[in-house]
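Q: Got a sequence here, can you build the structure:
(chains A and B)
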Protein chains: 2
Amino acid sequence: MTCSQLYDSTKNHNLMSEINFNNLLHAAMSANPTPIRWGIIGTGKIAQSFAECFQWVPQAQLCAVASRQEAQAQAFAAKYHIPAAFDNYQALAQSDDIDAVYIAAEHTQHYPATLLCLANKKAVLCEKPLAINALQVEKMIALAQNQQVYLMEALWTRFLPNFQKLQQLIADDAIGKIRHIQADFGFQALADPQSRLFNPALGGGALLDVGIYPLFLSLQLLGKPLRISAQALLTDQGVDAQTAITLEYAAQLATLTASIVCNQSIEANIYGEKGKIKLHFPFHTPLAKIELFKNWKTSQVIEVETVGNGYNYELQAATDDLLAGKVQNDLFSWQDSLQLMQVMDAVRQQIDLQYPPSVENM
Amino acid sequence: MTCSQLYDSTKNHNLMSEINFNNLLHAAMSANPTPIRWGIIGTGKIAQSFAECFQWVPQAQLCAVASRQEAQAQAFAAKYHIPAAFDNYQALAQSDDIDAVYIAAEHTQHYPATLLCLANKKAVLCEKPLAINALQVEKMIALAQNQQVYLMEALWTRFLPNFQKLQQLIADDAIGKIRHIQADFGFQALADPQSRLFNPALGGGALLDVGIYPLFLSLQLLGKPLRISAQALLTDQGVDAQTAITLEYAAQLATLTASIVCNQSIEANIYGEKGKIKLHFPFHTPLAKIELFKNWKTSQVIEVETVGNGYNYELQAATDDLLAGKVQNDLFSWQDSLQLMQVMDAVRQQIDLQYPPSVENM
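A: Here you go, the predicted model:
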């Protein structure tokens, strides 16, 4: 059975509400008779959410999965009815049955796995952070450019309807000129020094894992900061347990925090001259309620319609781009990813967050 | 009529509920037959709140007021039934009819007015910020020490029952070891460049006016920071419109903001290993509700009984100290004020907040 046949036979039975699915699929298929065939690298929690989101993107087919643990690849393939399971990334990258790869392995694999896929002319949608440092990102972009192959950082927030609505509200002058962005993302991880989050050899720490979201928000709304300052508490292993970042702009400040040892809020407040917008917990997800405080006093929840589990929006965007023959996305470009990583590099330098040479490798 | 006579005849008629007042007063008077006679320098909003708070402190009498605008001194004296009104600070400082002075003039007057009072052997309770810089504070303390005269910064929050309760909860391990303090104090002042808040010649800006409260909270709970970093946006006049401060401790961070152009929150969150305490808006006042999140999940509002308008607690503390013959307060000592101002000096240096030489004078 080919990927397309299996896809047709299983997709609507297992992974989505059948209501309207066939209509949607047929409409999409007739417009684009050749859907994009995707593979997934990694089998963790986010890989699973991503596998589930295919049900909302008719032009995308999930055709392969790869894990260095063969049993996990097999189990993942069985669970999501994926025709091909590989026990190494290279086999997936070289497969003729896929067009694009979603990379959801640990942070330290983003760089080598992306290079591997791009070298094999596979489009890449790679989880955030796109890499460990900006030089890695530059090399990834250079290879995508040279190969003329698609590359995008899977910063799902950028594609969510509530985030688009936020940008529209600001553009529509709902709160006047922005004066201050305050965004926090902290949670108390299990204090397991062996876990990925606390392990420098796996690119651990708060900044790359969750600090990226407050930074993303600020960069998206205010652009490149004029000055960056950061402070952190490092663990005994040397990763950042808690980080505070202030970005200075010409007429704005952004105060951002991240933590993996402390259940701070996961909220964002955008203060303007004549009101504020609050993105409720968890601010980076499709669940984030947008509350608009006009003239500071009256508040109003802005309703935004969302379908799917949220990952479908980035999958849809990448799939649409591929169908249109693009190599990067308009809403979250190579330059956006590079700038985000350059800011994280600057933060890391200030907080003395160093990873082993093997992790920083270029 | 002496101050004591007028006080007895008017206090209970005009300024407080008569219930229990006579009992309270008589009890206090029999324990301390000579109450402390207070004067007030300044007639603004805080001076008025302070005048009102005498009704809750039977051992304290309000006997004089001074303003450089004679009409304002007279109106203030009439409103609060104060026997003496002076059109200059010196006359009040030299009056034989008062023991102690509350200084509520603009920031730039705190230093000279305090020196004037101390030189005349009058005890001083001086509004925050105690002065413009730490060298001024050192000179004020040195004079109080030499004269053996009482001096205290009127940081009312320190004496409020909810603040005491907060400290007790932390001491009782309600949230475990503190990991992060986040406190914000921002409001949108009328954009009047002539107003005190925006005028460098009057010690304007967010830091000295409201940033002092988040700093105070952090210093009280965590002590002297190991490192201070600050960023700000300055107005065209050169005062700080918005300031972000990060304090680094051995195992904690404090992230603090202040603004006079932006209605941020006026809340504080104290994050611990096993929960958090939220001080609700407005966190520095007796109205601040204490909410305890045990194990992050269940929340509980801690009830705290408060009487008066809040200023009565600092008046009570200073009055008690004076009756006990002390020269400084145990809960908010000279060292506490000096440390707070030293941190503000460090912040100012980093954000390049400079006042005219006449304001920085020593």
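Q: pLDDT score for the spatially most central residue of chain A?
A: Central residue of chain A (CA atoms, centre = their mean): A:Leu155, 2.6 Å from the mean position. You'll see A:Leu155 listed with a pLDDT of 98.
Q: ok, for it, nearest residue in space, not its chain neighbours?
A: A:Lys128 (5.1 Å; CB to CB, 6 or more residues apart in numbering or on different chains). Yep, even glycine has a C-beta here, placed from its N, CA and C like the rest.
Q: Over to A:Phe185?
A: In space, A:Phe185 is closest to A:Val210, 4.2 Å off (CB to CB, 6+ apart).
Q: Give me the phi and psi for that neighbour.
A: phi -120, psi -30 (degrees, to the nearest 10).
Q: Same check on A:Pro286?
A: phi -70, psi -10.
Q: A:Pro161 is in contact with that one, correct?
A: Yes - counting by CB atoms under 8 Å, A:Pro286 does reach A:Pro161; the two are 7.2 Å apart.
Q: Show me whatever sits in contact with both of these two.
A: Both A:Pro286 and A:Pro161 are contacted by A:Thr306, A:Tyr313, under the criterion CB atoms under 8 Å, 6 or more residues apart in numbering or on different chains.
Q: Looking at the two, which has the bigger crowd around it?
A: A side-by-side neighbour count of A:Pro286 and A:Pro161, using other CB atoms under 10 Å in any protein chain shown, places A:Pro286 first with 21 against 14.
Q: what pLDDT does the more buried one get?
A: On the pLDDT scale, A:Pro286 is placed at 98.
Q: how close does it get to A:Arg158?
A: Counting by CB to CB, to the nearest Å, the separation of A:Pro286 from A:Arg158 is 12 Å.
Q: Quick check: bridge partners of the closest residue to A:Ala77 other than its chain neighbours?
A: Leaving aside its sequence neighbours, A:Ala77 sits nearest to A:Ala85 (CB to CB, 6+ apart; 3.8 Å). Applying DSSP bridges to A:Ala85 gives these bridge partners: A:Val65.
Q: List the residues that contact A:Ala85.
A: Applying CB under 8 Å, 6+ apart, we find A:Ala85 in contact with A:Ala64, A:Val65, A:Ala66, A:Ser67, A:Glu70, A:Ala73, A:Gln74, A:Phe76, A:Ala77.
Q: which residues touch the fourth one?
A: If I follow you right, that is A:Ser67. A:Ile41, A:Gly42, A:Thr43, A:Ala73, A:Phe76, A:Ala85, A:Phe86, A:Asp87.
Q: Quick one: these as TSV, columns for pLDDT too.
A: Output for the contacts of A:Ser67, formatted as TSV (pLDDT from 0 to 100):
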residue	pLDDT
A:Ile41	98
A:Gly42	98
A:Thr43	98
A:Ala73	98
A:Phe76	98
A:Ala85	98
A:Phe86	98
A:Asp87	98
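Q: ok, and the most crowded of those?
A: A:Ile41 (30 neighbours).
Q: The residue lying closest to A:Tyr311 once chain neighbours are set aside in helix, strand or coil?
A: Leaving out its chain neighbours, the residue that sits closest to A:Tyr311 by CB to CB, 6+ apart is A:Cys53, at 3.9 Å. Here A:Cys53 is recorded as helix under DSSP: H, G, I helix; E, B strand; the rest coil.
Q: Thanks again, I'm all set now.
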